[in-house]
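Colleague: Here is a sequence together with a model predicted from it:
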Amino acid sequence: MLLLVVDMQKGLFETPRYEASKVIRRINHLVAKIRKIKGNIIFIQHDGPKGDLLEPLTPGWALINSLDRQDTDLVIRKKSCDAFVDTPLLKTLIKLNTNRVIITGCATDFCVDTTIRSAAAKGFEVIVARDAHTKADRPHLNARTIITHHNWSWENLILLQGRIRVADTHTLIEEI
């Protein structure tokens with residue numbers, strides 16, 4: 001079992017995120033459970049351009065302090081919404097001999113969504129923690145509506161390979 005934690009970086013949380021503290025707590029519960037079964041945890045960290053909130057090695061680029069991250073956890077840096085594009089993520093998953101990935105993180109409608117769809121298109125069994133991804137409100141929709149919409153969309157995608165399942169964190173923890 002492998003857990004991906006996408007873009008939970010300080011700069012992204014300068015704008016309030018939907019249920020941020022609850023999402024962080026749920027991610028930490030999943031991290032603890034994955035560690036308990038000797039699974040793998042990969043933190044995905046976005047590298048923004050110079051002057052951006054996520055410019056590498058700036059305070060906003062750092063992962064949120066309250067995340068349960070250990071030195072043994074892997075960190076993979078990316079520059080696009082898709083954590084697989086121009087990164088070692090696919091090779092890492094193959095090396096770790098995993099075909100099942102739980103995905104959590106920020107931002108639901110960009111990097112989380114793109115990574116979920118990309119993983120499924122590559123044939124992975126994707127499990128989305130329904131209540132362990134977040135985002136900020138957008139001018140046209142509030143965060144809760146966007147999160148609800150994406151959870152529904154992922155559950156109902158028609159895929160030729162791979163699979164996406166959406167379940168709440170509590171259920172996932174009981175099943176692991």
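Modeller: Looks like it arrived, so ask away. Numbering: from 1, shown residues only.

Colleague: What average pLDDT does stretch 80-96 get?
Modeller: The average pLDDT within stretch 80-96 is 98.

Colleague: hang on, isn't L96 packed against M1?
Modeller: No: the criterion here is CB atoms under 8 Å, and L96 misses it with M1 at 10.2 Å. Every C-beta, even on glycine, is put in place using the N, C-alpha and C of the backbone.

Colleague: which residues in this protein form strands?
Modeller: Along the chain, counting by DSSP state E, strands occupy 2-6, 40-46, 74-78, 100-106, 125-134, 163-167.

Colleague: Next, the residues that contact the helix or strand of the chain with the lowest mean pLDDT from outside, please.
Modeller: Within the chain, no helix or strand scores below strand 163-167, which has a mean of 95 by mean pLDDT, DSSP states H and E. Strand 163-167 is contacted by residues 116, 120, 125-130, 151, 154-155, 157, 175 when judged by CB atoms under 8 Å, 6 or more residues apart in numbering.

Colleague: sorry, back to before: and for L96 and M1, which residues touch both?
Modeller: N40.

Colleague: roughly how far out does the least confident helix or strand of the chain sit from the chain middle?
Modeller: Taking CA atoms, centre = their mean, to the nearest Å, the mean C-alpha location of strand 163-167 is offset from the chain mean by 14 Å.

Colleague: Format the CA atom coordinates belonging to it as PDB.
Modeller: What follows is strand 163-167, C-alpha atoms only, in PDB (Å, rounded to 0.1, in the frame of the first residue of the first chain):
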ATOM      1  CA  ARG A 163      -9.700   2.000 -11.300                       C
ATOM      2  CA  ILE A 164     -10.700   4.800  -9.000                       C
ATOM      3  CA  ARG A 165     -12.500   4.300  -5.700                       C
ATOM      4  CA  VAL A 166     -13.500   7.100  -3.400                       C
ATOM      5  CA  ALA A 167     -13.900   6.400   0.300                       C
END
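
Colleague: what about L96 and M1, which has more around it?
Modeller: Comparing L96 with M1 by other CB atoms under 10 Å, the one with more neighbours is M1, at 18 against 12.
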